[in-house]
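> Build me a model from this:
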Amino acid sequence: MILKLAVPAVLLVLTLPALPAQSTVSPAEFTSIEASYQVTYGIGDASANARVLQVHDDLQGTARVVHRISFRRDTGPSVGNGNWYTPTPAFSVIADVSCSTAAVPSTAMSTSFANNHGLDKTLVADKKLFNFPATEAYYAPASFDYALPFSQPFTYSGGAGKGLCWELAVRSRSFSGTLPLDAAYGNSNGPGPWSFPGGGTCKASGQTYPVELYTNGSTTDWSAQTLNFVVTAHYLPPNANAMLAIGGSRDQWGSLKLPFVLPGTTTSPSGACSINTDWSVTVPMTTDASGQLTGRWNNLPIALGATGYSQVVAVDNQANNWGLVMSWGSQLQTVPLFGAPRFGVVTANDTSGNGVVLNAPLASGLVVRFD
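Down below sits the predicted model:
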């Protein structure tokens, strides 16, 4: 009963980091929330000649000068190997980037890359070397680390009926693996919630592995904004008093900067135990004979586009000087509704000039930041 009141309060905490005034994320719904899809277009494609073009109808009406476009990695399995914590190495590409005022709306795109561009098509980067940093897949959304700064800016008029079109043609790539990039799935009216583990964890006495925590939300009625909330934790002390701590931040708890490692635990049998979220709400629970903890709460009201964090803490007097063990933090975000398509994609793995159109109602396009 406590959680039914607590979870909505936590999920209402929106993480909306301020962007510079000239920055715009398209689609705007995913400025601070990871979208519900992933693709390996363009720089994410392992092939030598990956090519991708997008038309962003949602940018109409606002003139802007674009100096670069940036992508962010998806925070699911990295490098296609299913491991949450394996970083993607630093790598580079040599690529061409072109921009224009689109000749067609996203719902009427051509398989010919050239036919989607307007008369003001500008080659803003010509066989330019772009260097990208190593990245890791922890909390979502990731930063827009994959930036392609232009050699010359592009001025977009923002005229009605004319979206912004950009095209990326990769000529060479130093990394042979795929890189899943954050993407929106067009016309999706029932996106599910997504959960991401992150932060440090420690080991309970008598257990072989450190404590694990998984939170999940399954959709019951997305239009009514409700979900079923499920918590599962493993490798806790058996038959122990425990609690689920829920908060709205993974960075700060009052004056305490997070994650905060409990003093003295680093050299204890448990290893370093850290507080990974603010404990705004705590829910008493008990582990079973195997050290597992489960909880389920149905039909909870939620706020779409919200983010909350949780952590499990259990009593274990043998583990360290605090007599506590703690799981990693777990993030649960609820993806906003993404309605009528506002962008479309053409993608190809060769330099023929033709590709496959992925437009309404099934567009799966990269989430892009324009600076």
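> Going by C-alpha atoms from here, please, whenever you check contacts or count neighbours.
OK.
> The nearest residue to residue 50 once chain neighbours are set aside: what's it in contact with?
Distance criterion Cα to Cα, 6 or more residues apart in numbering; nearest residue to residue 50, sequence neighbours excluded, is residue 349 at 4.4 Å. Contacts of residue 349 were listed using Cα atoms under 8 Å, 6 or more residues apart in numbering, and they are 47, 48, 49, 50, 51, 355.
> secondary structure class for the first one?
Read that as residue 47. Secondary structure, DSSP: H, G, I helix; E, B strand; the rest coil: residue 47 is coil.
> Quick check: the gap between the closest residue in space to it that isn't next to it in sequence and residue 267.
Leaving out its chain neighbours, the residue that sits closest to residue 47 by Cα to Cα, 6+ apart is residue 349, at 6.6 Å. Using Cα to Cα, to the nearest Å, one gets 52 Å for the distance from residue 349 to residue 267.
> Give me the pLDDT value at the residue nearest to residue 330 when sequence neighbours are not counted.
Leaving aside its chain neighbours, residue 330 sits nearest to residue 197 (4.4 Å; criterion: Cα to Cα, 6+ apart). For residue 197, the model assigns a pLDDT of 72.
> quick one: low-confidence parts of this protein?
For the chain, the stretches flagged by pLDDT under 70 are 1-21, 76-86, 138, 186-196, 218-222, 338-342, 350-352, 358-364.
> Where do the domain boundaries of it fall?
Following automatic domain parsing, one gets these domains for the chain: 33-187+338-370, 194-333.
> Span of the longest one from start to end?
End-to-end distance for domain 33-187+338-370, by Cα to Cα: 17 Å.
> how about the strands of the stretch 51-200 of the chain, start to end?
Along the stretch 51-200 of the chain, counting by DSSP state E, counting those that start in this stretch, strands occupy 51-56, 64-71, 91-101, 122-132, 146-156, 164-173, 181-185, 194-198.
> Pick the most buried one from those.
strand 51-56 (a mean of 27; mean count of other Cα atoms under 10 Å).
> which secondary structure elements does it contact?
Under the contact criterion of 3 or more Cα pairs under 8 Å, 6 or more residues apart in numbering; DSSP states H and E, strand 51-56 touches strand 164-173, strand 343-348.
> Convert the C-alpha atoms of that strand to PDB, please.
C-alpha atoms of strand 51-56 as PDB (Å, rounded to 0.1, in the frame of the first residue of the first chain):
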ATOM      1  CA  ARG A  51      24.800   5.500 -45.400                       C
ATOM      2  CA  VAL A  52      21.800   7.000 -43.700                       C
ATOM      3  CA  LEU A  53      19.500  10.000 -44.300                       C
ATOM      4  CA  GLN A  54      16.800  11.500 -42.100                       C
ATOM      5  CA  VAL A  55      14.100  14.100 -42.600                       C
ATOM      6  CA  HIS A  56      13.000  15.900 -39.500                       C
END
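> Would you mind listing the outside residues contacting that strand?
26, 41-42, 102, 105-106, 113, 163-170, 342-351, 365.
> So what are the sheet partners of it and their directions?
strand 164-173 (antiparallel), strand 343-348 (antiparallel) (DSSP bridges).
> what about it, distance to the chain center?
The chain centre lies 20 Å from the centre of strand 51-56; the measure is Cα atoms, centre = their mean, to the nearest Å.
> Over to stretch 151-167?
Worked out by Cα atoms, centre = their mean, stretch 151-167 lies 26 Å from the chain centre.
> Go ahead and name everything in contact with that stretch.
Applying Cα under 8 Å, 6+ apart, the external contacts of stretch 151-167 come out as 51-68, 97-106, 116-117, 122, 124-126.
> hmm, back to that, can you put the strands of the stretch 51-200 of the chain in a markdown table and add distance to residue 241?
Formatted as a markdown table, the strands of the stretch 51-200 of the chain follow (distance: least, Cα to Cα, whole Å):
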| stretch | distance to residue 241 |
| --- | --- |
| strand 51-56 | 52 |
| strand 64-71 | 44 |
| strand 91-101 | 47 |
| strand 122-132 | 46 |
| strand 146-156 | 45 |
| strand 164-173 | 52 |
| strand 181-185 | 39 |
| strand 194-198 | 23 |
